[in-house]
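Asker: give the three-dimensional model of this entry:
(chains A and B)
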Amino acid sequence: GAGVSQTPSNKVTEKGKYVELRCDPISGHTALYWYRQSLGQGPEFLIYFQGTGAADDSGLPNDRFFAVRPEGSVSTLKIQRTERGDSAVYLCASSLTPSGTYEQYFGPGTRLTVT
Amino acid sequence: QQQVKQSPQSLIVQKGGISIINCAYENTAFDYFPWYQQFPGKGPALLIAIRPDVSEKKEGRFTISFNKSAKQFSLHIMDSQPGDSATYFCAASPLNRDDKIIFGKGTRLHILP
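Answerer: Okay, here's the model as predicted:
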């Protein structure tokens, strides 16, 4: 079956611009996660949704970052006034339930480059 | 502060050899320890995981050894194959928060053919 998909696969933007990154989770998965992976580092937790609500947004670095999941399926990560330090691969994952024995399935990521 | 420390940063192993990657943690509230495998251009994929109530878990060629008192755990890949060449991440999650995965920095493993 289809896995987690993310669009676009690559995004180049200029410093100060606004970007939106999209995640389509596996059908039926109620939990959705966003991570950021900088070069040579492990993924860093940003935010986790259970259904439509953000259950934990403690990883968002500042108020320029925002994420939504209005219908409990597709999610969009929004970054305002992008900075060069925002350049990274943004990973999305989904799981059948938010915790317990169900693993997180990751998408291939969106590589964001801020010039 | 890095909560999960992983070593080595990179590792080269001959085909058929044993690959060993080590991790250490400080937070005693961690109680779920997964390992992820990531190929270039792909997202991480769960490889194997362990909870602190056991000292070892084996799945095929992959084994996790866990030392609760030392707060260390390791991944052993037996009979390493070129297809195992990837980046491996150890990780940890707090009690009752399996959803919140804290990753190590990763180990780039290369298996020589």
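Asker: switch to C-alpha atoms for all contacts and neighbour counts from now on
Answerer: Noted.
Asker: how about the residues of chain A by chain B?
Answerer: A:40-45, A:91, A:98-100, A:103-109 (C-alpha under 8 Å from any C-alpha of the partner chain).
Asker: I'd like the next helix or strand past the helix or strand of chain A with the lowest mean pLDDT.
Answerer: Ranked by mean pLDDT, DSSP states H and E, the weakest helix or strand in chain A is strand A:53-56, scoring a mean of 89. Counting by DSSP states H and E, the element after strand A:53-56 in chain order, helix or strand, is strand A:65-68.
Asker: can you give the strand pairings for that next one, parallel or anti for each?
Answerer: Here strand A:65-68 is paired, per DSSP bridges, with strand A:75-79 (antiparallel).
Asker: how far does the next helix or strand after the partner strand sit from its chain's centre?
Answerer: Downstream of strand A:75-79, the first helix or strand assigned by DSSP H and E is strand A:88-95. Remark: strand A:88-95 is offset 5 Å from the chain centroid, using C-alpha atoms, centre = their mean, to the nearest Å.
Asker: ok, residues contacting strand A:88-95?
Answerer: Outside strand A:88-95, the residues that touch it by C-alpha atoms under 8 Å, 6 or more residues apart in numbering or on different chains are A:4, A:6, A:23, A:25-26, A:29-39, A:43, A:102-113, B:43.
Asker: those in strands, which ones?
Answerer: Counting by DSSP state E, those place A:6, A:23, A:31-37, A:105-106, A:110-113 in strands.
Asker: what's the most distant pair in those residues?
Answerer: Pairwise distances across these peak at 27.2 Å for A:31 and A:113 (criterion: C-alpha to C-alpha).
Asker: the more surrounded of those two?
Answerer: More crowded of residue A:31 and residue A:113, by other C-alpha atoms under 10 Å in any protein chain shown: residue A:31, with 26 against 19.
Asker: tell me the bridge partners for that one.
Answerer: When bridges are called by DSSP bridges, residue A:31 pairs up with residue A:50, residue A:95.
Asker: quick one, which of the residues of chain A next to chain B are buried?
Answerer: A:42-45, A:91, A:98, A:103-109 (16 or more other C-alpha atoms under 10 Å in any protein chain shown).
Asker: can you redo those as JSON lines with pLDDT?
Answerer: Shown next, in JSON lines, are those (pLDDT from 0 to 100):
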{"residue": "A:42", "pLDDT": "95"}
{"residue": "A:43", "pLDDT": "96"}
{"residue": "A:44", "pLDDT": "95"}
{"residue": "A:45", "pLDDT": "94"}
{"residue": "A:91", "pLDDT": "98"}
{"residue": "A:98", "pLDDT": "62"}
{"residue": "A:103", "pLDDT": "84"}
{"residue": "A:104", "pLDDT": "89"}
{"residue": "A:105", "pLDDT": "92"}
{"residue": "A:106", "pLDDT": "95"}
{"residue": "A:107", "pLDDT": "96"}
{"residue": "A:108", "pLDDT": "96"}
{"residue": "A:109", "pLDDT": "97"}
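Asker: give the contact list for the residue nearest to the spatial centre of chain A.
Answerer: By C-alpha atoms, centre = their mean, the mean C-alpha position of chain A lies nearest to residue A:34, the distance being 3.2 Å. Residues in contact with residue A:34 (C-alpha under 8 Å, 6+ apart) are A:45, A:46, A:47, A:48, A:77, A:90, A:91, A:92, A:93.
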